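>>> I need the structure of the sequence given here:
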Amino acid sequence: MAAWNKGVVIEQRQWSPVLHSLYIESPIEPFQAGQFVKIGLEVEGKVIGRPYSLCNAPEIRPLEIYYIEVPGGELTSQLVKLQAGDELLVAPRANGFMVLDEVPPAPHLWLMATGTGVGPFLSILDTAAPWQRFERVVLVYAVRTLAELSYRERIAALQAKHGAQFVFVPFVSREETGFALGGRVPQAIADGRLESRTGLALSAAQSQVMLCGNPQMIEDTMQQLMQRGMKKHRRKEPGQITVEHYW
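Below you'll find the model as predicted:
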């Protein structure tokens, strides 16, 4: 099997000075919502590749990735220059276990993300599976500034489509917005603000939690959840917490 397929950029969307979505046409094997694919470019005679979660549902094209420009980053400093019609490299197969097939049943599904970690959850939410399997679905999306709260129109469409079954809780830590919670997700779990906002209890009996994003958020949130009797999910040892570190 070839290491790379050719990809063609359909569109590049800039959300903030450093946040971008890239839309790519490329043939890849069937994948599951929540998985990631490797994207590459040839830079100064060598191929540089990095994994990025796919934001599009499996049956939707073009492929979509959401990324942050890393200062001095070998790949992202080149990705931001791409325009419609430019070519790049796409791995032929997506991978990863951040998928609902790996998540045990429960009444409530909590999807907690920081920054670009919201990407796999957007893919999952655009499929039928979460709405068929869970009574309530909560998306917790934490950013530093309001400008970084991307995909608001897409999230609003989910709210309109799924009504009370879907609960969206934005966090903006460095600005006052009037609608988002302030501070960090772990602290909002500890002091009860997150449960108060959603009207749902975070408990081992009722909840499955998927975490994606900043490693410190994941570590601190896991500590809070474990204090409530929850544990990391493994195939041989089922639990309530599914994790993907985003860097």
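>>> The chain: strands as residue ranges?
Assigned by DSSP state E, the chain shows strands spanning 5-14, 19-25, 36-43, 46-53, 63-68, 87-90, 108-114, 136-143, 166-172, 207-213, 241-245.
>>> Output these as a markdown table; include the columns distance to residue 221.
In this view, the C-beta of every residue, glycine as well, is placed from N, C-alpha and C. Formatted as a markdown table, the strands of the chain follow (distance: least, Cβ to Cβ, whole Å):
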| stretch | distance to residue 221 |
| --- | --- |
| strand 5-14 | 29 |
| strand 19-25 | 22 |
| strand 36-43 | 21 |
| strand 46-53 | 18 |
| strand 63-68 | 20 |
| strand 87-90 | 32 |
| strand 108-114 | 6 |
| strand 136-143 | 9 |
| strand 166-172 | 12 |
| strand 207-213 | 6 |
| strand 241-245 | 9 |
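>>> what's the closest of those strands to residue 97?
Residue 97 lies closest, by Cβ to Cβ, to one member of those: strand 241-245, at 7.7 Å.
>>> what mean pLDDT would you report for that closest one?
For strand 241-245, the mean pLDDT works out to 86.
>>> Report the contact partners of residue 180.
Going by Cβ atoms under 8 Å, 6 or more residues apart in numbering, residue 180 touches 146, 149, 170, 171, 172.
>>> what's the farthest-apart pair in those residues?
Among those, 146 and 171 lie farthest apart (Cβ to Cβ), at 11.0 Å.
>>> now residue 34: how far from residue 49?
Going from residue 34 to residue 49 by Cβ to Cβ, to the nearest Å gives 20 Å.
>>> Run a quick neighbour tally on residue 131.
Residue 131 is flanked by 16 other residues according to other Cβ atoms under 10 Å.
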